[in-house]
Structures are given as C-alpha cells and as structure tokens.
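J.: give me the fold of what follows.
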Amino acid sequence: MTSSLGQDHRIRLPQGEVRYYERGAGRPVVFVHGVLTNALLWRKVVPAVAEAGFRCLAPDLPMGAHEIPMRADADLSAPGMATLLGDFLETLDLHDVTLVANDTGGAVTQILLSRYPSRVARVVLTPSDSFEYFFPPIFKPLPVVAKVPGSMAVLGQLLRVRALWPLPLLFGLVTKKPLPSSVAESYLLRLRGSSGVRRDLRKLLRSVHPRHTLAAAEKLRSFSPPVLLAWASEDKLFPVRFAYRLAELLPDARVVEIADSYTFVPEDQPDVLAGHIVEFASVMAD
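T.: Residues are numbered from 1 along each chain as shown. Prediction:
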C-alpha cells in the first residue's frame, strides 16, 4: 500500500521516532494528515507531485493511526503536535517547504505557521479544522470523552466493528467513495493493538479546543507566504465558507473549490488536488 509513497524512513525527534515516506527530488512538499489517518491518505496524490519534480515527504504523525508510539513524556497536545511538525522540518533541514494539510493536520499546520513559519514558503490547505471548528460539531464530544481514563481502549474496541466504518462518526462524512479495506484497517485498527498509540491519541484529543485555532487565525494575518485553499465545495464537516474566511484574513491567499468530494479530497479527487498542488508550487518556485 505504501509503495506509491516512496521509500520508508525513520527519523528520531525529541518526541520520539517517526516513520515517513519520501519520493521524488526537488523542492520539498510535506503532506500532513489528521486524526485516525496516516501517510496513506496521500498515496494517490504523491506520485503525480513527485513526477512533476518535487521531493514529497509524508510522515505518519502520532494521531492514532501510527505504529511507533512516542516517548511517554512527549507533548502531543495540539500546540505540541505543531512543535513536532516543526521539529520534523528542522531535523531534516528542509527549507522552502510547501506544506499540504488535511483535517486535523490543517489545524496543526495553522498553529505551526502562527508560531515559527521560517521554513515554510507556501501552503495548501484542504478541508481542515479552523476558527471555532476544532473539532466540528459532530466530533465535539471526543475531547471530553478522551479525559475519561480507559476511554481510548473502549474506542479501540469499537473501531473493530466494520459496520460502523461507513457511519458519519467515522468515514461517512469524510469521503464519498468507500475506502479500500486495507486502508481503513491501517487507520482504525492500530489503536486497539498498542497502549502507546492510545496514550498518544488521548494526549492530542484532550487538548483539542477552538482557542488554539482562533489564536492561530489572528496571528495568520501577518503570514505573508502564499496559501492555496483547495476546498471541497460539498464538504459536510468543514463548509467551504471557512475557506473564504481564511482567505480574507491571510495576506496572500486564494480559494479553489473542488467538486464531487468531501473532506478527504486526497481520496475523492486525488488527480484534481495533485494538479492544483503542482501548479501552485511550480508557479511560486519560478
């Protein structure tokens, strides 16, 4: 499944070891996934971007679908996750980076940009948490549930039930097309098998609150690099109005609406998204 993402690597960060995949050569494009997904979210997008002359890097971030637990003392709160992403860029000494983010990864990216954006040259945000939608309403109970001891073990057991996977609380609102079973398993079954993975996810979920994205939004008013908001016009979780709100406050931003897709644009419309990324990054690289 991961062959389309390129070569498998591991890197040691202050928070622990992170697996990432790398394909292609040229200016770096780093792909950032969200909660209960991993680098496989980008498996249909990376090949076209790499073939266009970019170095694509897709990390498995510690958001509940990763295989390698972080250090027990790692800060994996939402701001801590932004620090981890920044450490990833710094440890690999990446410069002039294009960040491409989705879902919770978009919130982490916004926090990163608002704190230390020096290595980032351009950003592509697909449907993501932002403003008061961190999380969107249907997922608001999760941070409360995560504060209950043992809740992640219960969640891990529930995620085994395949009949639940198409429902709105899982994949029903994020993708129009059924996920391959192997991909869905990679997203949902790792939580049950590792107490370390459960601990990592709980740290993140307990910290989720709109104060982080609202604070980041205010600071993004001074973020000058170009931003492309490649948003699904039919998105059920993050209505396209949030893309236009972000575009209004960012100094250099534009919105492109992508049809026939929900939140997981890399899954529903990978070719369209890859085309927008290549065009946007190529123009800015000239």
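
J.: residue 102: what's it in contact with?
T.: 32, 33, 34, 37, 41, 126, 127, 128, 263, 264, 265, 266 (Cβ atoms under 8 Å, 6 or more residues apart in numbering). Placement of C-beta: from N, CA and C, glycine included.

J.: what do you get if the cut-off is 7 Å, keeping everything else the same?
T.: For residue 102, the contact set (Cβ atoms under 7 Å, 6 or more residues apart in numbering) comprises 33, 34, 41, 126, 127, 128, 264, 266.

J.: that one sits in which helix or strand?
T.: Residue 102 is located in strand 97-103, with elements delineated by DSSP states H and E.

J.: format the CA atom coordinates belonging to that strand as PDB.
T.: Once non-C-alpha atoms are left out, strand 97-103 reads as follows in PDB (Å, rounded to 0.1, in the frame of the first residue of the first chain):
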ATOM      1  CA  VAL A  97       8.800  23.900   2.100                       C
ATOM      2  CA  THR A  98       5.300  23.600   0.600                       C
ATOM      3  CA  LEU A  99       3.000  22.200   3.300                       C
ATOM      4  CA  VAL A 100      -0.100  20.300   2.200                       C
ATOM      5  CA  ALA A 101      -2.600  19.600   5.000                       C
ATOM      6  CA  ASN A 102      -5.900  18.000   5.600                       C
ATOM      7  CA  ASP A 103      -8.400  17.800   8.500                       C
END
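
J.: and the contacts of residue 102, which is closest to residue 155?
T.: Lowest distance from residue 155 to the contacts of residue 102 (Cβ to Cβ) belongs to residue 34, with 16.0 Å.

J.: measure how buried the closest one is and give me the count.
T.: 26 (other Cβ atoms under 10 Å).

J.: ok, now the one 3 residues further on?
T.: As a burial measure, residue 37 scores 28 neighbours (other Cβ under 10 Å).

J.: before we move on, the earlier item: distance from the strand holding residue 102 to the middle of the chain?
T.: 7 Å (Cα atoms, centre = their mean, to the nearest Å).

J.: which elements pack onto the first helix or strand past that strand going along the chain?
T.: Next helix or strand after strand 97-103 toward the C-terminus (DSSP H and E): helix 104-115. Applying 3 or more Cβ pairs under 7 Å, 6 or more residues apart in numbering; DSSP states H and E, one finds that helix 104-115 contacts strand 27-32, helix 78-91, strand 120-128, helix 210-219.

J.: what score does residue 284 have for pLDDT?
T.: We have a pLDDT of 53 for residue 284.

J.: actually residue 178, not the one I typed
T.: 87.

J.: go on, residue 280?
T.: 97.

J.: give the buried residues for the helix or strand that it is a member of.
T.: Using DSSP H and E, residue 280 falls within helix 270-285. By neighbour count with 16 or more other Cβ atoms under 10 Å, helix 270-285 contains the buried residues 270, 272, 273, 274, 275, 276, 277, 278, 280, 281, 284.

J.: ok, now stretch 9-28?
T.: Buried-residue list, stretch 9-28, by 16+ other Cβ under 10 Å: 13, 15, 16, 18, 19, 20, 21, 22, 23, 24, 27, 28.

J.: now go through the residues you listed and say which are in strands.
T.: Mapping the buried residues of stretch 9-28 onto strands (DSSP state E) picks out 13, 16, 18, 19, 20, 21, 22, 23, 27, 28.

J.: pLDDT averaged over the strand holding residue 102 - what is it?
T.: Average pLDDT, strand 97-103: 98.

J.: got it, and stretch 137-148?
T.: On average, stretch 137-148 scores 93.

J.: what is the end-to-end distance of that stretch?
T.: With Cα to Cα, to the nearest Å as the measure, stretch 137-148 spans 20 Å from end to end.

J.: cheers, nothing more for now.
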